[in-house]
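Visitor: model the following, please.
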Amino acid sequence: MQVTLQYGTTNLDLALPEAQVTVLAPRFVPGLPDEEAAFRQAVRTPIEARPLAESVAPGERVAIVVADITRPLPSGRLLPWILQELGHVPPEQITIVIGTGSHRATTPSEIGAIVGEAIASGCRIVDHSAFDDSGLAPAGIGIDGQPVYMNRDYVEADRRVILGFVEPHFMAGFSGGYKAVFPGVADIGAIMRYHDARTIGHPRSTWGLVEGNPTQTRIRHDGALRPVDFCVNVTLNRRKEITGFYCGDVLAAHAAGCAFSRETAMIACDAPFPIVITTNSGYPLDQNLYQAVKGMSAAAQVVAEDGYIATAARCNDGFPAHGNFKRLLFEHDSAQALLDTIVSPGFSVYDQWEAQLLAGVLLKARVGLYSELPPEDVRRAHLEPIADLSETLEAELRRAGRDAPIAVLPEGPMTIPYVAERRTADG
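Guide: The predicted model follows:
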């Protein structure tokens with residue numbers, strides 16, 4: 001059989017022995033036949049909230065938060081419709097904030113790709129920086145008792161509208177909801193505390209779990225430090241078509257989106273697999289190794305102990321170059337040494353959370369990577385470089401046995417596979 005793996009913008013086709021392969025992918029849901037009409041219906045009859053147009057008075061300043069370039073949120077389609085609903089608000093009173101969290105700055109060309117060229121040239125756009133104190137303002141006291149700062153334009157706005165994409169998330173259970181705010185527009189100190197080793201290592205900080213998830217609990221508490229007046233969340237299919245709108249009150253809208261995503265994306269497996277092939281869902285999520293940990297983590301949910309994960313992620317943006325992720329990987333001789341450092345008392349370094357999650361995957365299984373990264377860099381990151389996926393698979397079948405079962409996650413972290421006997425959907 002031939003399986004198409006999401007990879008960059010072009011994808012990869014891989015021939016596999018049909019009798020041994022289980023494809024784990026979200027149930028395909030067709031895109032809405034009229035996205036704009038569905039949007040209008042959703043924001044005019046929202047979930048537990050006033051209609052969007054009624055949420056903002058003409059004289060009020062509005063901050064609209066959108067995702068950065070690492071997320072497939074279709075902001076360029078959504079923003080013109082939102083601005084039409086807010087047509088009674090003068091354009092100079094509206095600021096669009098790109099919620100970068102702790103990611104790198106957004107380039108001018110990426111801003112155009114995110115919001116659309118017309119809006120990029122005609123609206124005030126602010127690229128959030130968690131590291132620039134001059135662009136931050138006090139938002140309140142976080143769940144840990146420490147001050148939280150957020151983007152100044154967001155904090156000082158009279159009304160706040162947040163956009164998000166609900167998908168499975170390896171720490172928060174699902175993305176979307178208050179995650180647009182926290183960590184989207186938070187300061188680096190709060191983001192560091194949110195990603196501490198204890199929280200990230202908690203067994204309920206994982207895929208598909210919301211209630212009792214300490215990561216999601218913090219997102220909701222700290223994200224609500226400044227009132228959010230309206231939430232626009234969407235779900236997407238593999239074609240990046242919108243399959244649903246979940247709009248209105250943040251918690252209620254997010255809960256509806258999570259229910260839909262859980263029902264379409266969670267897949268039970270009877271037993272773990274000795275070989276799992278995964279991706280990082282193609283562009284834009286597979287632009288760097290940091291993000292590609294998500295696809296590896298999804299595969300790790302169903303890989304056998306000491307099994308093998310083959311990951312196809314383009315990583316054309318490197319590790320990336322900014323931050324400490326690459327340095328943390330390169331400075332340690334093994335995944336265990338890396339994990340020991342991260343969980344040691346008092347250790348706190350930016351990007352440690354992603355390195356911690358990768359170390360956990362590597363302690364369970366060997367991980368190969370098909371990418372554009374130099375092979376020597378892949379090895380120093382404690383991964384095995386893959387030059388040819390077919391040849392690598394053949395070698396792994398010789399190792400595991402010719403009849404060894406293989407799982408394939410062609411859409412990577414858009415799927416939440418799990419071994420049925422180990423857990424329930426949200427318990």
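
Visitor: which residues in the stretch 101-250 of the chain form helices?
Guide: For the stretch 101-250 of the chain, the helices defined by DSSP state H, counting those that start in this stretch cover 108-115, 117-122, 152-156, 188-194, 197-201, 214-223, 250-265.

Visitor: which elements pack onto the third one?
Guide: Using 3 or more CB pairs under 8 Å, 6 or more residues apart in numbering; DSSP states H and E as the contact criterion, the secondary-structure elements in contact with helix 152-156 are strand 62-67, strand 94-99, strand 136-141. C-betas here are computed from N, CA, C, even on glycine.

Visitor: repeat that for 6 Å
Guide: Helix 152-156 is packed against strand 94-99, strand 136-141, with contacts defined by 3 or more CB pairs under 6 Å, 6 or more residues apart in numbering; DSSP states H and E.

Visitor: which residues does it contact?
Guide: Residues outside helix 152-156 that contact it (CB atoms under 6 Å, 6 or more residues apart in numbering) are 63, 95, 97, 126, 135, 136, 137, 139, 185, 226.

Visitor: any idea how far that helix is from the chain center?
Guide: A distance of 24 Å separates the centroid of the chain from that of helix 152-156, by CA atoms, centre = their mean, to the nearest Å.

Visitor: just the second one next, same as before
Guide: Here helix 117-122 is found 26 Å from its chain centre; the criterion is CA atoms, centre = their mean.

Visitor: before we move on, what about the longest one?
Guide: The gap between where helix 250-265 is centred and where its chain is centred comes out at 15 Å by CA atoms, centre = their mean.

Visitor: that one vs helix 214-223, what angle?
Guide: With axes from the mean of the first three to the mean of the last three CA atoms, to 10 degrees as the basis, helix 250-265 and helix 214-223 are set at 150 degrees to each other.

Visitor: could you list the buried residues of helix 250-265?
Guide: 250-262, 264-265 (16 or more other CB atoms under 10 Å).

Visitor: need the next SSE after it, C-terminal direction.
Guide: strand 266-269 (DSSP states H and E).

Visitor: count of residues packed around residue 373?
Guide: By the criterion of other CB atoms under 10 Å, residue 373 has 21 neighbours.

Visitor: what's the closest non-adjacent residue to it?
Guide: Closest residue in space to residue 373, ignoring its immediate chain neighbours: residue 315 at 5.0 Å, by CB to CB, 6 or more residues apart in numbering.

Visitor: domain map for the protein?
Guide: Annotated domains of the chain cover 2-26+270-422, 35-263 [automatic domain parsing].

Visitor: okay if I get the ones you listed as CSV plus mean pLDDT?
Guide: CSV is the format used below for the domains of the chain (pLDDT from 0 to 100):
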stretch, mean pLDDT
domain 2-26+270-422, 95
domain 35-263, 96
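
Visitor: okay, now the closest residue to residue 169 other than its chain neighbours: neighbour count?
Guide: Of all residues not flanking residue 169 in the chain, residue 175 sits nearest, at 4.6 Å (CB to CB, 6+ apart). By the criterion of other CB under 10 Å, residue 175 has 25 neighbours.

Visitor: residue 175 contacts residue 167, correct?
Guide: Yes - with contacts counted by CB atoms under 6 Å, residue 175 reaches residue 167, the gap being 5.1 Å.

Visitor: quick one: closest of the helices and strands packed on helix 152-156 to residue 325.
Guide: strand 94-99 (19.7 Å; CB to CB).

Visitor: so which of the contacts of helix 152-156 wins on neighbours?
Guide: residue 185 (32 neighbours).

Visitor: tell me the bridge partners for the closest residue to it other than its chain neighbours.
Guide: Take residue 185 and drop its neighbours on the chain: the residue closest to it by CB to CB, 6+ apart is residue 151, 4.0 Å away. Note on residue 151: beta-bridge partners by DSSP bridges are residue 136.

Visitor: residues of stretch 412-419 that come out buried?
Guide: Across stretch 412-419, burial judged by 16+ other CB under 10 Å covers 412, 413, 414, 415, 416, 417, 418.

Visitor: which outside residues touch stretch 318-334?
Guide: By CB under 6 Å, 6+ apart, the residues outside stretch 318-334 that reach it are 104, 288, 289, 290, 338, 349, 350, 351, 354, 355, 380, 381.

Visitor: likewise for stretch 264-280?
Guide: Contacts for stretch 264-280 (CB under 6 Å, 6+ apart): 5-6, 24, 26-27, 168, 208, 286, 292, 295, 299, 302-304, 307-313, 396, 400, 404-409, 412, 415-417, 419-420, 425.

Visitor: among these, which are in strands?
Guide: Per DSSP state E, strands hold the following members of the contacts of stretch 264-280: 5, 168, 303-304, 307-312, 406-409, 416-417, 419.

Visitor: filter those residues to the buried ones?
Guide: For these, a neighbour count by 16+ other CB under 10 Å gives the buried set as 5, 168, 303-304, 307-312, 406-409, 416-417.

Visitor: identify the farthest-apart pair in those.
Guide: Among these, 168 and 308 lie farthest apart (CB to CB), at 22.3 Å.

Visitor: residue 256 and residue 246 touch, don't they?
Guide: Yes - Residue 256 is in contact with residue 246 according to CB under 6 Å; the separation is 4.5 Å.

Visitor: quick revisit: now the residue nearest to residue 169: how far from residue 24?
Guide: Distance of residue 175 to residue 24, computed by CB to CB, to the nearest Å: 19 Å.

Visitor: for residue 75, same thing?
Guide: 29 Å.

Visitor: how about residue 137?
Guide: Residue 137 is 44 Å from residue 24, by CB to CB.

Visitor: over to residue 3?
Guide: Residue 3 is 11 Å from residue 24, by CB to CB.

Visitor: quick one, which of the two is more surrounded?
Guide: Taking neighbours as other CB under 10 Å, residue 3 and residue 24 compare with residue 24 leading, 25 against 18.

Visitor: that one against residue 409, yeah?
Guide: Yes - using CB under 6 Å, residue 24 is in contact with residue 409, at 5.1 Å.

Visitor: now for these two: what residues contact both?
Guide: Shared contacts of residue 24 and residue 409, defined by CB under 6 Å, 6+ apart, comprise residue 415.
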